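> pasting the structure only:
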């Protein structure tokens, strides 16, 4: 996608599929002319589109045949989402209707919008900075209410404003450094080192404060991963079905039924959890099953929580647990299944407790302990994080990585100041930190970064 976006664009702005209402958005210099050419007003008194007013009528094709009854609104630039003349047509939500209306719009000079191009135009036209543009995508893709709330705070522009204040202060320091370099005989008067150190340390502290919530809110912003691991026939697939409340995985007494992993999404009181049932652990010569086991171990290494499923009715030893899992890791929960059956001796629950694991006893087949397990999964994933603060300002992954670069440069700059490095060399680190902050808001963001951001948008936004 180019940094320039020209011409009049159009796209269906509502999700694909059939629905009660579908919206088509047009933006660009010909938006009003195109809308006027295809709109047939219901009222004879209609004299043109009044800005920000819904007009009832129908859309007609080039032969004058009505396609659909619609509500149409015109929003003139620069006071529109994109900063350009924009028209939104509210049709019935059938796919055929929306395609037919869009085809008429394209036939009159518009082109199909690229993914995220409406928001790109809003960014290019100064309607929002890059942090707000990213917040739009985060709102759309938010996996939970908490994630949507965190995105909403950034959509208001607060993060961009906070970053801009820091950037401007660092720019002022750079200007003072330039004076000190050009007039070295006055360097102490122009920029005392202790004053510069205090300013840099304060900026670093503010960046650290912004980064503080990134890891803590990760599960809310990105969702969490919980992996079911255990020996064959321990009841992993039965547990997956019990947690989902429906039969998703095939359950049989035949070992190795699950050879690949099965993934489903579980909503635990607003927290989205990817629940993965992996292949049962056992020695095998089957190449496909081995590949499934390797894949399961890899997923478990990435998981926020690993549920170690143990058949409580069968003899058990700690050696039955995959060596990569330990109580010390803090991310393993021992789930003793088949508690409705006669338990083996010694008790698997006691063995796991003695080894330092947190233990829950359930019966996936009977549904016993499933609600308690679901609550425990949620609590374990959020341990140390808690519920999201709806007013907290949390950077996304890209912003956090760039802030860390800026923080690293500022920390090194403090050390350089303490070592009394020459002013011209201090300016190099200060420039690098300033550039990093500018990249977050979009002041000097490289083309490839912008492409990676906007290509993740849906068409129509």
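That came through, no problem. Predicted, not measured: the structure shown is a model, and the values here were computed from it.
> Every contact and neighbour count from this point should use C-alpha atoms.
Will do.
> wait, isn't residue 98 in contact with residue 12?
Yes - with contact taken as CA atoms under 8 Å, residue 98 and residue 12 are classed as touching, separated by 7.2 Å.
> Common neighbours of these two, please.
Residues touching both residue 98 and residue 12 comprise 22-24, with contact defined as CA atoms under 8 Å, 6 or more residues apart in numbering.
> Just those residues: which are in strands?
22-24 (DSSP state E).
> Turn these into CSV, including pLDDT and distance to residue 233.
Listed next are these as CSV, based on pLDDT from 0 to 100; distance: CA to CA, whole Å:
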residue, pLDDT, distance to residue 233
22, 94, 48
23, 96, 50
24, 97, 52
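> Just put these in a markdown table and tack on distance to residue 219 and neighbour count.
Output for these, formatted as a markdown table (distance: CA to CA, whole Å; neighbours: other CA atoms under 10 Å):
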| residue | distance to residue 219 | neighbour count |
| --- | --- | --- |
| 22 | 32 | 22 |
| 23 | 32 | 20 |
| 24 | 34 | 21 |
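> tell me which of those is nearest to residue 344?
Nearest to residue 344, judged by CA to CA, of those is residue 22 at 59.4 Å.
> Quick check: beta-bridge partners of that closest one?
According to DSSP bridges, residue 91 are recorded as the beta-bridge partners of residue 22.
> okay but it is in contact with residue 93, surely?
Yes - with contacts defined as CA under 8 Å, residue 22 counts as touching residue 93 at a distance of 4.1 Å.
> Quick check: buried residues in the helix or strand containing residue 434?
Residue 434 is part of helix 423-441 when elements are defined by DSSP states H and E. Along helix 423-441, these residues count as buried under the neighbour rule (16 or more other CA atoms under 10 Å): 423, 426-427, 429-441.
> swap in stretch 314-330?
By neighbour count, with 16+ other CA under 10 Å as the criterion, the buried positions of stretch 314-330 are 314, 316, 321, 325.
> would a markdown table of the residues you listed with secondary structure be doable?
As requested, the buried residues of stretch 314-330 are arranged in a markdown table below (DSSP: H, G, I helix; E, B strand; the rest coil):
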| residue | secondary structure |
| --- | --- |
| 314 | coil |
| 316 | coil |
| 321 | coil |
| 325 | coil |
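> where's the longest strand along the chain relative to the chain centroid, distance-wise?
When every strand of the chain is counted residue by residue (DSSP E), the longest turns out to be strand 66-75. Distance of strand 66-75 from its chain centroid, counting by CA atoms, centre = their mean, to the nearest Å, is 33 Å.
> residues of stretch 57-76 that come out buried?
The neighbour-count check on stretch 57-76 (16+ other CA under 10 Å) flags 57-61, 67-76 as buried.
> which residues sit against it?
The contact list for stretch 57-76 (CA under 8 Å, 6+ apart) reads 32, 38-43, 49-56, 84-92, 97, 100-101, 104.
> Endpoints of stretch 450-458, how far apart?
Taking CA to CA, to the nearest Å, stretch 450-458 runs 15 Å from one end to the other.
> Apologies, that question was intended for stretch 225-240.
The stretch stretch 225-240 measures 14 Å between its terminal residues, going by CA to CA.
> Please apply the same query to stretch 322-329.
Between the start and the finish of stretch 322-329 there is a gap of 13 Å, counting by CA to CA.
> pLDDT of it, averaged?
Stretch 322-329 shows an average pLDDT of 78 in the prediction.
> what does that stretch rub up against?
Surrounding stretch 322-329, the residues in contact under the criterion CA under 8 Å, 6+ apart are 230, 281, 332, 355-357.
> ok, now with 6 Å
With contacts defined as CA atoms under 6 Å, 6 or more residues apart in numbering, stretch 322-329 is touched by 356-357.
> And that stretch, how far out from the chain middle?
29 Å.
> For the remainder of this discussion, apply numbering that starts at 44.
Sure, I'll start counting at 44 from here, so that last one is stretch 365-372.
> closest to residue 346 among the buried residues of stretch 357-373?
For the buried residues of stretch 357-373, the residue nearest residue 346 by CA to CA is residue 368; the value is 11.4 Å.
> Cool, thanks, signing off.
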